[in-house]
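[1] here are the coordinates; sequence isn't available:
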């Protein structure tokens with residue numbers, strides 16, 4: 001029995017994307033060109049990367065329905081996405097892209113069934129044992145959380161307290177006030 005299905009996967013992805021969009025909105029457009037170090041993606045490039053990287057999972061699992069990743073040309077597929085990352089985009093366009101691509105992917109996840117999620121996919125040589133589609137479809141969320149962590153560090157560098165930190169601090173303050181009120 002699977003306790004975590006497609007609806008849960010879609011809901012979790014939507015939560016992660018909502019938090020990424022909050023960060024995209026918090027960082028001023030004047031900082032979208034900021035790079036933590038030379039050779040890394042700028043804020044804008046990172047957000048575009050986050051927005052469109054779900055296209056790979058959709059292509060592999062929905063469009064091509066591959067059961068063997070050796071059949072997928074990663075370099076060709078990601079080449080056009082890398083070009084897109086390097087082009088100038090407005091903050092407004094990037095946020096719209098995050099919203100549209102995120103909902104497109106989550107909406108597709110909502111349609112999946114347990115049989116599809118259980119299917120095994122053979123990895124490319126050197127990538128390890130076969131994985132279920134379910135395990136592979138967790139990856140876009142995990143990948144986004146990785147980059148969102150980078151963006152939260154960048155927020156700190158820019159003097160912004162991330163919204164999740166502010167929300168946590170507010171909950172702690174409310175709990176402390178409740179304890180004091182009972183005393």
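    Yep, that arrived. In this text, all values refer to a predicted model and were calculated from it rather than measured experimentally.
[2] Would you check that residue 61 makes contact with residue 134?
    No: counting by Cβ atoms under 8 Å, residue 61 does not reach residue 134; the two are 10.3 Å apart. Any C-beta I mention is one placed from the backbone N, CA and C, and that applies to glycine too.
[3] Comparing those two, which residue is more hemmed in?
    A side-by-side neighbour count of residue 61 and residue 134, using other Cβ atoms under 10 Å, places residue 61 first with 21 against 18.
[4] Now residue 156. Nearest residue, chain neighbours left out?
    residue 162 (7.3 Å; Cβ to Cβ, 6 or more residues apart in numbering).
[5] likewise residue 14?
    residue 106 (4.9 Å).
[6] what does the average pLDDT come to for the strand or helix carrying that neighbour?
    Residue 106 is part of helix 91-110 when elements are defined by DSSP states H and E. Averaging pLDDT along helix 91-110 yields 98.
[7] got a list of contacts for it?
    6-7, 9-11, 13-14, 17, 20-21, 24-25, 29, 32, 44, 47-48, 50-52, 54-55, 57-58, 62, 89, 137, 140 (Cβ atoms under 8 Å, 6 or more residues apart in numbering).
[8] In helices, which of these appear?
    6-7, 9-11, 13-14, 17, 20-21, 24-25, 44, 47-48, 50-52, 54-55, 57-58, 137, 140 (DSSP state H).
[9] Where does the prediction get shaky in this structure?
    For the chain, applying pLDDT under 70 flags the ranges 1-2.
[10] From the centroid of it, which residue is nearest?
    Nearest to the mean C-alpha position of the chain, by Cα atoms, centre = their mean, lies residue 144 at 2.6 Å.
[11] Could you figure out how far the helix or strand containing that one is turned away from helix 91-110?
    Residue 144 is located in helix 133-157, with elements delineated by DSSP H and E. With axes from the mean of the first three to the mean of the last three Cα atoms, to 10 degrees defining the directions, helix 133-157 sits at 160 degrees from helix 91-110.
[12] where's the next helix or strand after helix 133-157 relative to the chain centroid, distance-wise?
    Once helix 133-157 ends, the next helix or strand along the chain (criterion: DSSP H and E) is helix 163-182. When C-alpha coordinates are averaged (Cα atoms, centre = their mean, to the nearest Å), helix 163-182 and its chain have centres 28 Å apart.
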